[in-house]
Each structure stands twice: as C-alpha cells, then as structure tokens.
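**Student:** Provide a 3D model corresponding to the input given below.
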Amino acid sequence: MIDSMPPAEVANAERFERFGLDADAEAVARVRQDFAGWLKRFFDLDSVRCSDLVLAINEALANSAEFAYVLADSPGTIDIEATHLADEQKLIVFISDRGTWRTPQTDPAPRTRGRGIPLMETLSDDYAIEKSADGTRVRMEWHGVGRT
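**Tutor:** Numbers count the residues shown, from 1 in each chain. As a prediction, the model looks like this:
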C-alpha cells in the first residue's frame, strides 16, 4: 500500500500554496489560520479588509470540503493558491477541488444556508467560479493590496 503524500506547503511574500489538503473541517480551519497569518505578515491591510479576505477564502474552502465530494466513493482534496502581483498591487486566490458541483439553493423558502457564494462575490473585487468535469475552481481577486 502506498502512503499518501503530505500536503505541499509554500508561503512567502509572493505566494501562499497548500496542495492536497484533506477536504474536511479540520484542514479548512488550519489553512484559514495559516492564510490569515500570511496576510498579516506580508501585507498592509487594515483589520476589516484582512478579515474580509479570510472570510471569503474560508467560504470557498468550506464549500469544497462540505459539498464537492458528497457523491464520491472516497474522501477528496482541496488546493489553495494565492499569488501577490506586487507591481499591480493585486492578490489573486484560486481554490480548487476535483469533486462535483452542487447547484446552490434557489428555493424561495427561508434560507438557512447558501450565503457562501454571495459572500465571496461581495467580499472580493473580482470573482468567478469555473465548473468542469474535473472539479470546481473558485477565483477571487483583491486590488490595492500592498506589502508591508
């Protein structure tokens, strides 16, 4: 039997990457903390903007962990890639899974769920979801992000 590889981790002023994260709440919480620490260490963000970025990426990670692999026979993984373009003062984050897209609730009944996608859209300057047979990829951008 082949042991699984530990997640790949990179964090410097230009990049924050975690590949092969277990698609579960524990991994989401850990990477959320790591990402928040990365933002605080390298970027000039006020506390509100920093919280907005962390909340947005948390929603994308949580959605992947909770929904992407519901129909799968085995647990899945999530990747996060964040790149800072210093010359453009832009932060671009991709969150990817290899699961199946779940259509958001559109039922007019009282909503108890389904606020993650509107939050990601509202909290980022630019946002897109790319769905394919290979999984889902969320892209979020923030402009005016300078380094410390």
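**Student:** residues touching Ala13, list them.
**Tutor:** For Ala13, the contacting residues are Phe42, His84, Ala86, Arg147, by CB atoms under 8 Å, 6 or more residues apart in numbering. In this view, the C-beta of every residue, glycine as well, is placed from N, C-alpha and C.
**Student:** ok, the first one - how many residues close by?
**Tutor:** To tie it back to what came earlier, the one meant is Phe42. 18 (other CB atoms under 10 Å).
**Student:** how about the third one?
**Tutor:** Using other CB under 10 Å, Ala86 is surrounded by 11 other residues.
**Student:** excluding chain neighbours, what is closest to it?
**Tutor:** Distance criterion CB to CB, 6 or more residues apart in numbering; nearest residue to Ala86, sequence neighbours excluded, is Arg147 at 6.3 Å.
**Student:** quick check, Val138 in contact with Ala60.
**Tutor:** Yes - using CB atoms under 8 Å, Val138 is in contact with Ala60, at 4.4 Å.
**Student:** mind checking which of those two has more residues around it?
**Tutor:** Ala60 (29 against 26).
**Student:** pretty sure the more buried one is in a helix, no?
**Tutor:** Yes - checked against DSSP: H, G, I helix; E, B strand; the rest coil, Ala60 lies within a helix.
**Student:** who touches it in this structure?
**Tutor:** Val93, Ile95, Gly116, Met120, Val138, Met140.
**Student:** got a winner among the residues you listed for most neighbours?
**Tutor:** Highest count within these by other CB under 10 Å belongs to Ile95, 28 neighbours.
**Student:** hmm, which two among the contacts of Ala13 are most spread apart?
**Tutor:** Spanning the widest gap among those are Phe42 and Ala86, at 10.2 Å by CB to CB.
**Student:** shared neighbours, the two?
**Tutor:** Ala13, Arg147.
**Student:** just to revisit the earlier point, tell me the contacts of the residue nearest to Ala86?
**Tutor:** Residues near Arg147 by CB under 8 Å, 6+ apart: Ala13, Phe42, Phe43, Asp44, His84, Ala86.
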